[in-house]
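Undergrad: Predicted model and sequence below, questions to follow.
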Amino acid sequence: QVQLVESGGGLVQAGGSLRLSCATSGVTFSPFAMGWFRQAPGKEREFVAAISWDGTNTYYVDSVKGRFTISRDNAKKAAYLQMNSLKPEDTAVYYCARANNAEGSNAVEYNYWGQGTQVTVSS
C-alpha cells in the first residue's frame, strides 16, 4: 500500500518557522524526485518546491525562494520542507508528492500524493 504521510504543520505567527516531514512507505523512493505543493482556500494547488532523486537539484516557486528549503533522506525514505520567515500568505494545506522521474521539475510529473498537513500563519 502506497503511503505518503505529512506531518509538522500547525499554527505559527508571521516570521516563525515550521519543518514539514513526509514519510513514505510502499513506494519506491530513491530513484525519484520529491516535491511539495500547497493549496490555499479557494485557490488551485500550486507547486512549492522539488528535489531531485539525489538531492543535487532543487526547485522553488519564486514566492518561497530564500525562505523555504527542501531536503530528503533516501535512507529514511523521507522528504522535508523547512519553512522560515513564514507569511500569512503561506497559509495552506501542504502536500508532499513523489514524481515519476528523477528531477521532478514539472508539476504535472507527480503521481503519488499524501493527504496534506495544514499550515496556518497568523499576522
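TA: Okay, I see it. Source: prediction; values computed, not measured.
Undergrad: Name all residues that make contact with the spatially most central residue of the chain.
TA: In the chain, the residue lying closest to the centroid (CA atoms, centre = their mean) is Trp36, at 2.3 Å. Applying CB atoms under 8 Å, 6 or more residues apart in numbering to Trp36 gives the contacts 20, 22, 48-50, 70, 79, 81, 94-97. In short, each C-beta sits where N, CA and C put it, glycine included.
Undergrad: Which residue is the nearest non-sequential neighbour of Leu81?
TA: Residue nearest to Leu81 in three dimensions, not counting chain neighbours: Leu20, with 4.2 Å by CB to CB, 6 or more residues apart in numbering.
Undergrad: Assumed the residue nearest to the centre of the chain was part of a strand.
TA: Yes - counting by DSSP: H, G, I helix; E, B strand; the rest coil, Trp36 is part of a strand.
Undergrad: For it, give the beta-bridge partners.
TA: With DSSP bridges applied, Trp36 shows beta-bridge pairing to Ala49, Cys96.
Undergrad: Roughly how far does it sit from Gln1?
TA: Distance of Trp36 to Gln1, given as CB to CB, to the nearest Å: 22 Å.
Undergrad: what pLDDT does the residue nearest to the centre of the chain get?
TA: pLDDT recorded at Trp36 is 98.
Undergrad: avg pLDDT for stretch 49-61?
TA: Rounded mean pLDDT across stretch 49-61 is 96.
Undergrad: I misspoke; the intended subject was stretch 113-123.
TA: Stretch 113-123 carries an average pLDDT of 97.
Undergrad: what about it, start to end distance?
TA: 30 Å (CA to CA, to the nearest Å).
Undergrad: buried residues in that stretch?
TA: Along stretch 113-123, these residues count as buried under the neighbour rule (16 or more other CB atoms under 10 Å): 113-114, 116-117, 119, 121.
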